[in-house]
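no sequence on this one, just coordinates:
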């Protein structure tokens, strides 16, 4: 058996890392959901945990995108390189590359939506005063 090419080994490693990041992203996101009773009951803490899960999903999508794009770059390079292999026998883009790009895009989109659940910062310096009703709207007794 001949060893696999470097770009295939690199793509394989990136996909394994992507799967692990996605798995941990699922676990962290489930803990960070407001509807679960796991972990702290504080909504701000839950939101921060959900944001951490979103970051893991974005990183997972970036690893997937890198792996698929690296392989596509190598296929393109081999296709246009001068070689003795006839054009009809060379590798071309297959449906797996497009599925990989779509999966990476959807994973990053989902992760960024989870990152949008970040809680607003405390507004300690601002005071909100309740306006009293105008004097014409008061009842006279």
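Thanks, I have it. All figures in this text were calculated on a predicted structure; none of them were measured in a lab.

Over to residue 29: give its phi and psi.
Backbone torsions for residue 29, taken as degrees, to the nearest 10, come to phi -70, psi -40.

list the contacts for it?
For residue 29, the contact set (C-beta atoms under 8 Å, 6 or more residues apart in numbering) comprises 50, 53, 54, 56, 57, 114. Any C-beta I mention is one placed from the backbone N, CA and C, and that applies to glycine too.

sec struct for the last one, please.
Of the three states, residue 114 takes helix according to DSSP: H, G, I helix; E, B strand; the rest coil.

and the residue most central in space within the chain, what element?
Geometric centre of the chain, nearest residue: residue 58, 2.4 Å, by C-alpha atoms, centre = their mean. Assigned by DSSP states H and E, residue 58 falls within helix 43-80.

can you pull the buried residues of that helix?
Using 16 or more other C-beta atoms under 10 Å as the test for burial, helix 43-80 gives 46-69, 71-72, 74-75.
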